[in-house]
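Undergrad: next one to model:
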Amino acid sequence: MGGFEGHLYPGLCFFFCGLYNARLVSRALICNSVVQYPPCHPWNKGRWAWLQQIHCVGLLKILNACILVAQEFYNIPGQLVLISKIYHQRNFMYHKQWQHLTLYMSFFLNGCLDMVSQNLLSQRCAALEQGAQALGTFIYLPLMVSHMQDTEGVELQSHMLLTQAIFLLTLAVIAELWAPNEPLIWMMKAFFYMVTGSWLMQIGFMLYKPISGYKWMDDDKNDIEFTTTFFCWHVFFSAILMIWIYSFSFVWYRYIFVNAGTRMYPSCSLFFVYSRTSG
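TA: Numbers count the residues shown, from 1 in each chain. A predicted model of the protein is given here:
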């Protein structure tokens, strides 16, 4: 994830994934339903009705992975090789680029398994989706540790904080394998997804396009210390954003959705009332 775009685009992917999971867990808490299988609208039968029933989350992951891979190839000077053969030497080349591509391939695999589970199998396999998600985050953690080996100053401090957020995200995703419908785990997963995504975007601005117009100095202790303070602000921002998402979802599903569902989808509204009273 070298360069400004290499931090911005993956950060957006993580951040929007956190927003999506925050919406799911908010709906589950308000509607008193499971997180993995929220209530759906009854689809109308027709020639193109199957298009409405396609789950687009896996498809979006595949498209994002393809965009990230194309952006990585675009920024590589020359030909991408793994081992050089100059003067009878065997040196590993483009080690960071290969790490980026490894991470993007895990995103691509996660999207493919989501598409298979949600659209091709007769019954959705949540364990398959969660296993692919845990594999992707588990791969991300050692890659970030390797990224910090040749960094210093502000870049080292910012990536250490990012690794901390990824470690906590990995714990939440792995815990989800044993408790797939635990709202607290989904809440922590959504929170750390947003923290990781927002901070990854912030690293791109800090290192390559500082908003103030002044470059962050590695030999200035004030810049290094303020990096930690800035990370804490991102943690507060993600927590406030989750509260806002829950508040908006509460208004939507308790008042707007019920009134609209009564007029358009009576059966869906009855299911919503039943889910609130059961459990």
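Undergrad: what about the helices in this protein?
TA: 3-31, 49-52, 57-74, 95-115, 126-147, 153-178, 183-207, 221-251, 257-264, 266-277 (DSSP state H).
Undergrad: want to throw the ones you listed into JSON lines with distance to V81 and mean pLDDT?
TA: All C-beta spots, glycine's among them, are computed from the backbone N, C-alpha and C. Below are the helices of the chain laid out as JSON lines (distance: least, Cβ to Cβ, whole Å; pLDDT from 0 to 100):
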{"stretch": "helix 3-31", "distance to V81": "20", "mean pLDDT": "86"}
{"stretch": "helix 49-52", "distance to V81": "42", "mean pLDDT": "49"}
{"stretch": "helix 57-74", "distance to V81": "13", "mean pLDDT": "84"}
{"stretch": "helix 95-115", "distance to V81": "10", "mean pLDDT": "85"}
{"stretch": "helix 126-147", "distance to V81": "19", "mean pLDDT": "85"}
{"stretch": "helix 153-178", "distance to V81": "26", "mean pLDDT": "91"}
{"stretch": "helix 183-207", "distance to V81": "27", "mean pLDDT": "92"}
{"stretch": "helix 221-251", "distance to V81": "35", "mean pLDDT": "91"}
{"stretch": "helix 257-264", "distance to V81": "54", "mean pLDDT": "51"}
{"stretch": "helix 266-277", "distance to V81": "55", "mean pLDDT": "44"}
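Undergrad: among these, which is the most enclosed?
TA: For the helices of the chain, the largest average neighbour count (mean count of other Cβ atoms under 10 Å) is found in helix 183-207, namely a mean of 22.
Undergrad: angle of that one against helix 221-251?
TA: Helix 183-207 runs at 140 degrees relative to helix 221-251, counting by axes from the mean of the first three to the mean of the last three Cα atoms, to 10 degrees.
Undergrad: helix 183-207 packs against which elements?
TA: helix 3-31, helix 153-178, helix 221-251 (3 or more Cβ pairs under 8 Å, 6 or more residues apart in numbering; DSSP states H and E).
Undergrad: distance from the chain centre to that helix, please.
TA: Remark: helix 183-207 is offset 8 Å from the chain centroid, using Cα atoms, centre = their mean, to the nearest Å.
Undergrad: quick one: that helix to helix 3-31, angle?
TA: 160 degrees.
Undergrad: what's the angle between helix 183-207 and helix 126-147?
TA: Going by the same axes, to 10 degrees, helix 183-207 is angled at 30 degrees with respect to helix 126-147.
Undergrad: what's the angle from helix 183-207 to helix 153-178?
TA: Relative orientation of helix 183-207 versus helix 153-178 (the same axes, to 10 degrees): 160 degrees.
Undergrad: dump the residue contacts of L162.
TA: Residues near L162 by Cβ atoms under 8 Å, 6 or more residues apart in numbering: M144, T196, W199, L200, I203.
Undergrad: scratch that, V69 is what I was asking about
TA: With Cβ under 8 Å, 6+ apart, V69 has these contacts: L101, Y104, M105, F108.
Undergrad: closest to I166 out of those residues?
TA: Of all the contacts of V69, the one sitting nearest I166 is Y104; the distance, using Cβ to Cβ, is 15.6 Å.
Undergrad: distance-wise, check that closest one relative to R124.
TA: Distance, Y104 to R124, by Cβ to Cβ, to the nearest Å: 25 Å.
Undergrad: same deal with W186?
TA: Taking Cβ to Cβ, one finds W186 at 17 Å from R124.
Undergrad: okay, how far is it across stretch 174-184, tip to tip?
TA: 13 Å (Cα to Cα, to the nearest Å).
Undergrad: what sits up against that stretch?
TA: 25, 28-29, 34-36, 126-127, 130-131, 133-134, 138, 185-186, 189.
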